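*Asks:* no sequence for this one, just the structure:
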């Protein structure tokens, strides 16, 4: 055996990169660098950028995208996608306000039920994807219109004011000067980051995204995992919807329009691959922060809000484009045996 | 190493297995037995019933009738999980792994070690996982880093990880389906080392391969299936290659007449490659192919010949060197340029690299000749059909139905002929073939060889790249050997022995 | 069985629909025709207005924006591409026409809009083929960019497109005629949409470009190794997709007398729904325009019928989503891809009976 291996050492001991310099770390590093550059740019352009007031503005408005992005990251890791998150966020707000205002159900219970409605949509998405085997993009595109329509139908197109001290705290309260929603978001990142890294459930998601076949052969209950992931995505989107309602003190069927776009941009920016099997929550978090900072900085520079869409699109394409080029160069280098 | 065990009770017995699909008998009273610590080769042409038999053993299919005994006990497998619980493991031809996960995780995919109680039983014990992975790799004396991502491993090591995966403590039988398809010869040797190691530990192996020379090297016994029936089971040391082939095909395969004579240097040079170099793949390659000549490039897989042929065809970019067709230098940046210069290319993997599986025979035949079949971008349908019919007839492409039948319904040999037809239709002067009979049944091979010789006689210049020494020696009058990206020697078929060729391809001084 | 029968019946020389469709596609198209007939039947029984000539014209007019774009989205999806940016690009092109009135004039503005649309498509194509970014991401990014640009150019306002000063009456009459003019009582946009469908069918059936779409969508590597200029074909497909959005925008602007940066909201989703409904697969290599046409008609009859019964737009959205799921779901069942546990149940029973 051992002399067989030494027979052709060149072939059997390939040049490997140092362990810590993985693709994931490289992506995170380049994200952090671009974040720093972005901050430096805004700080040099406007004196308001680095003020405490502005930073807390950023901090208090980041949770909606940030929390939804967690679910989206999980879904993308399994090789799926969830376009329905914006509609789900609107639905949960509408359901909550409906139950509270019209049916007199205590707000706490209504809120929980609103969030559960999101979970139900997630279950529906997951069931269609796994049992009917319909492409996740098509599935969630359909539920995207269905759920948004449902939100309109349930609310009859009305915006409902919704204010209650405890409820307001979810979106606007602070703990030791830090927005409560931000704390919740960070806690969720810790929890799900831990799940992805250290639990069998989390690792199975990567395995499923990397090779559904291998996972099935290894006896992983693929269907159950996918169901759970879509439920989590629905649940978190619904929770973001509640935060949104709390921040605006009103629920509207038009809420969170385009949320899916922002969230997917952030997640992909953070290095999660649409092909599945790859992605980290750290990356997603940085992606979310970069997008939020970009929006905020442009507002401070008094750039027309119309340019924000343009900027976001550019950031998405540039980020993924550079990543792609880097990958190609890396492959080229590897194939040259360097 | 096996002699004493064969007399003992068999580890596995499959008795009188019958299986039909939609009334068609796929397995007809097949019985197979397997002993502890032996390698049993399962042979047969495509459609002989090998894979059905394996899937029945694996619990993937249910048999219509028959019995399976394991260690003398009657067992029934309803699902792959049942077979797995009895220590039967499959290693599939296509590897199934998660590329962005580490070796450790792929090894322990569904059984990562966890702690106890709540929440411990949900949390992976990474240190223990790595230790288990390491110990399993050690079992086979492997120096693979368990922390590396699968994506960063060479193919052979990925394959080995798959084998290790199949080897949990209770594995009794491992089924390997074409495990060497993607491996280079030293890697095959390494795999064989592992197989011998396993057998010494008492594991039994069912080995399926198209490469008969491998069978003679690794197997203890062969079981041959044909048309769903058990034809023979023999000890490898008691049979000859020719008789095995005969049993597989059901008729005697004549030794090929070597019809094509060596073309003299008087005929025109059609393809000339000068000092072609691509760092890391091949270096300073020069060769000439004359009109009416078949030149073979023989080398072990992974010697740079794949990259070389792709470069001549414009699918890869060489670093330096030049390519001349009919004495004129061509700039080839894209397969399109190569085709326009009159070069055709038949890649190894038909399904992935040549065929448009969902489209008809006609559209596959004419794929490379749109320029001449279409006027102002519109296909001239009648001409297209006439041309296709011509090639179907003259190459003898057989199919169920007319030329509008999707190509995926054709046999491997007929599919390969369709690819030949595509380049003839494109009117190329040079044809480069990579492993032309890969996955083609033994019976259909000589048919393709005949076609190639006929084409050469009609003036085509043909360059065949192959790692199959029999193929090279039976069709190519002039043979070049390639080793580590360099052409090492040139031979004439009549004046070279198998051993000399192998030595030159292994880089030994001639 | 049916497949074999229909092949046999069609003989060696396919006639009628079989000339353009494969046997399996004929089944799909028939299923869609039945679906359309059912919807029409239900809608007509609920409202007398539904089958009135005027409503039918209205219905078809409403489908033109989606229809014109869907022709080229179908081709793109057959070649395994995707373009989500079409609606925003249409909005941007409309705004370009609107803002050009006061600078370079209306008709040069139309030209500029068409060029801009094609350019957006070209950039999408470049990013997908040469940089290698996933089409979903590329066109999602482009969706954001062009929608943003539409707002930037229009300053967020709706720009009226008619003769404010009264000086260019002829020019504006001609422009308005684009949407209002009729030939044989059929409005131009419907004719143009039909023309584009016919063009598309001919392209897909008879030309190298059309065959390239199928071949590349089926197996890109093999197409490349057969010497096809794969990237060029892909670039053309994306460019045509962008151009079709611009064409749709011209007619939309003419019809609305205005350029609105909010125009064509979520139309990209309706387009994809129609195309997928019509049997084109996201996985590439298969699809046809008869299906897409039926998909467009099914969606617009459904929405129009619901509108006649004063069902809110939101409920219409729900209906649209349900139709998509239903159609794709039925297709999955038909192709036997769905495992509803029936198979396992069947196996278990078979096992029980053998024991």
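*Replies:* That came through, no problem. As the structure is a computational prediction, the values presented were derived from the model and not from experiment.
*Asks:* where does the residue in chain A that chain B sits nearest to land on pLDDT?
*Replies:* Nearest residue of chain A to chain B: residue A:210, at 2.8 Å (CB to the nearest CB). C-beta: built from backbone N, CA, C; applies to glycine. Model confidence at residue A:210, expressed as pLDDT, equals 86.
*Asks:* wait, it sits on residue B:96?
*Replies:* No. In this structure residue A:210 lies outside contact range of residue B:96 using CB atoms under 8 Å: 9.7 Å.
*Asks:* Is residue B:225 within a helix or a strand, and which one?
*Replies:* Using DSSP states H and E, residue B:225 falls within strand B:221-226.
*Asks:* got a list of what residue 98 touches?
*Replies:* You didn't say which chain, so I picked chain A. A:154, A:155, A:160 (CB atoms under 8 Å, 6 or more residues apart in numbering or on different chains).
*Asks:* try again with chain C
*Replies:* C:109, C:154, C:159, C:160, C:161, C:253, C:258, C:259.
*Asks:* what number of residues lie near the last one?
*Replies:* The criterion is other CB atoms under 10 Å in any protein chain shown. On that basis, residue C:259 has 30 neighbouring residues.
*Asks:* Show me what it bridges to in the sheet.
*Replies:* Counting by DSSP bridges, residue C:259 is bridged to residue C:159.
*Asks:* one step back: quick check on residue A:210 and residue B:96: which one has the bigger neighbour count.
*Replies:* Between residue A:210 and residue B:96, counted using other CB under 10 Å, the more crowded position is residue A:210 (29 against 19).
*Asks:* touching chain A at all, stretch B:148-163?
*Replies:* Yes. On the criterion CB under 8 Å from any CB of the partner chain, stretch B:148-163 is in touch with chain A at B:148, B:149, B:152, B:153, B:154, B:156, B:157.
*Asks:* neighbours of residue B:373, just the number please.
*Replies:* Neighbour number of residue B:373 under other CB under 10 Å is 17.
*Asks:* and it, what is it in contact with?
*Replies:* Contacts of residue B:373 (CB under 8 Å, 6+ apart): B:366, B:379, B:380, B:383, B:384, B:387.
*Asks:* how about the one helix or strand residue A:185 maps to: buried residues?
*Replies:* Element membership of residue A:185 [criterion: DSSP H and E] is helix A:180-198. Within helix A:180-198, the residues that qualify as buried are A:180-185, A:188-189, A:192-193, A:195-196, A:198, counting by 16 or more other CB atoms under 10 Å in any protein chain shown.
*Asks:* Can you give the distance from that helix to the centre of its chain?
*Replies:* Relative to its parent chain, helix A:180-198 has a centroid offset of 12 Å by CA atoms, centre = their mean, to the nearest Å.
*Asks:* That helix and chain B, any residue contact?
*Replies:* Yes. Shown here: helix A:180-198 in contact with chain B (CB under 8 Å from any CB) through residue A:198.
*Asks:* Which neighbouring elements make contact with that helix?
*Replies:* When contacts are defined as 3 or more CB pairs under 8 Å, 6 or more residues apart in numbering or on different chains; DSSP states H and E, helix A:180-198 packs onto helix A:52-60, helix A:63-77, helix A:165-172, helix A:200-210, helix A:222-248, helix A:281-300.
*Asks:* pLDDT averaged over it - what is it?
*Replies:* Per-residue scores along helix A:180-198 average to 91.
*Asks:* contact partners of it?
*Replies:* Here helix A:180-198 makes contact (CB under 8 Å, 6+ apart) with A:59-60, A:62-64, A:66-67, A:70, A:74, A:77, A:169-175, A:201-203, A:205-206, A:236, A:243, A:247, A:280-282, A:285, B:123-124, B:126.
*Asks:* Make a PyMOL selection of the buried ones in those residues.
*Replies:* PyMOL command restricting these to the buried ones, with burial defined by 16+ other CB under 10 Å:
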select buried, (chain A and resi 59+60+62+63+64+66+67+70+74+77+170+171+172+173+201+202+203+205+206+236+243+247+280+281+282+285) or (chain B and resi 123+124)
